[in-house]
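Enquirer: no FASTA, just this:
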């Protein structure tokens, strides 16, 4: 099998490249490195099954030879990026998805879109099933990412229905693990970095907002299961265990042995109050569910961050 991974030098994309190489795929990794990092994939350089191409997927994509699978993971995805590179986020969700779907059509390849729980916005349905249409502010700061992914889903289904492209859509819930950026802006890398440095742990709002965190290995298993399935409509992949942000901060302080204290800052605009996946579909259609408990995944992630800070 020959597989293209866009955004392959990013956090999730690089773990996908590793797993695909282990599974026997020849992997073509495409990334413009706007948020990706060569350090995430440099261990694959020199491997005959791996090739890296620095390229912006909003431009025409040329990959010579056969391609059997395309996994479209190119997009800045961190809250800090929503204000830093908003136009690029919108372009990769729209133009980039269009270009990558065009490559899938030209190659007759199966296409998998990395979508997001952000499609549900600040949900009024809890937990969130795939049938929920969401509560998104299209003109808010987060709207550039939310709407880019919602458009990408619509484009993917249009290519599936109109051109007969074999497509998959994974809605990824909060995922963490090694290779996250310390300045990512998301709770786990921020809290771990602050705790290891002995800095104050910054909690936005009163910390009562909830999230459900899945370890990267569980996500990769879910993506593989979806890629090999016959399901064309979106599937949630996430961990149903729900924690408040305050609980998460305290857990990380305890696991790192840090003396950091918690300080509170104003809640960002449109920050979701609750977030928990309904994974009934993943269980029934894919036979998938998460395996790694939060404490275990956090310990692995903390050890990685210790080598990078």
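Expert: Arrived safely. All values derive from a computational prediction rather than experimental measurement.
Enquirer: which ones are touching the residue of the chain positioned farthest from its centre?
Expert: Using Cα atoms, centre = their mean, the residue of the chain lying farthest from its centre is residue 259. It sits 30.7 Å away. With contact set as Cβ atoms under 8 Å, 6 or more residues apart in numbering, residue 259 has these partners: residue 198. C-beta coordinates here come from the backbone N, C-alpha and C atoms, glycine included.
Enquirer: part of a strand, is it?
Expert: No. In this structure, residue 259 is coil, not part of a strand, as judged by DSSP: H, G, I helix; E, B strand; the rest coil.
Enquirer: got phi/psi on it?
Expert: phi -100, psi 10 (degrees, to the nearest 10).
Enquirer: what about residue 154, neighbour count?
Expert: When neighbours are defined as other Cβ atoms under 10 Å, residue 154 has 12 of them.
Enquirer: give me the contact list for whatever helix or strand it lives in.
Expert: Counting by DSSP states H and E, the element that carries residue 154 is helix 143-163. Residues from elsewhere that reach helix 143-163, judged by Cβ under 8 Å, 6+ apart: 72, 75-77, 81-82, 86-87, 89-90, 92-94, 97-98, 101, 104-105, 111, 113, 115-116, 118-119, 121, 134, 136-138, 165-167, 169, 232, 234, 270.
Enquirer: residues of it that come out buried?
Expert: Neighbour counts over helix 143-163 (16 or more other Cβ atoms under 10 Å) mark 143-150, 152-153, 155-157, 159-160 as buried.
Enquirer: kindly report the same for stretch 301-309.
Expert: 301-302, 305.
Enquirer: save those residues as TSV, and put in pLDDT, distance to residue 196 and secondary structure too.
Expert: Listed next are the buried residues of stretch 301-309 as TSV, based on pLDDT from 0 to 100; distance: Cβ to Cβ, whole Å; DSSP: H, G, I helix; E, B strand; the rest coil:
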residue	pLDDT	distance to residue 196	secondary structure
301	98	11	helix
302	98	7	helix
305	97	6	helix
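Enquirer: in JSON lines, list the residues you listed along with distance to residue 60.
Expert: As requested, the buried residues of stretch 301-309 are arranged in JSON lines below (distance: Cβ to Cβ, whole Å):
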{"residue": "301", "distance to residue 60": "37"}
{"residue": "302", "distance to residue 60": "42"}
{"residue": "305", "distance to residue 60": "38"}
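Enquirer: and of those, the nearest to residue 242?
Expert: Distance to residue 242, by Cβ to Cβ, is smallest for residue 301 among the buried residues of stretch 301-309, at 18.9 Å.
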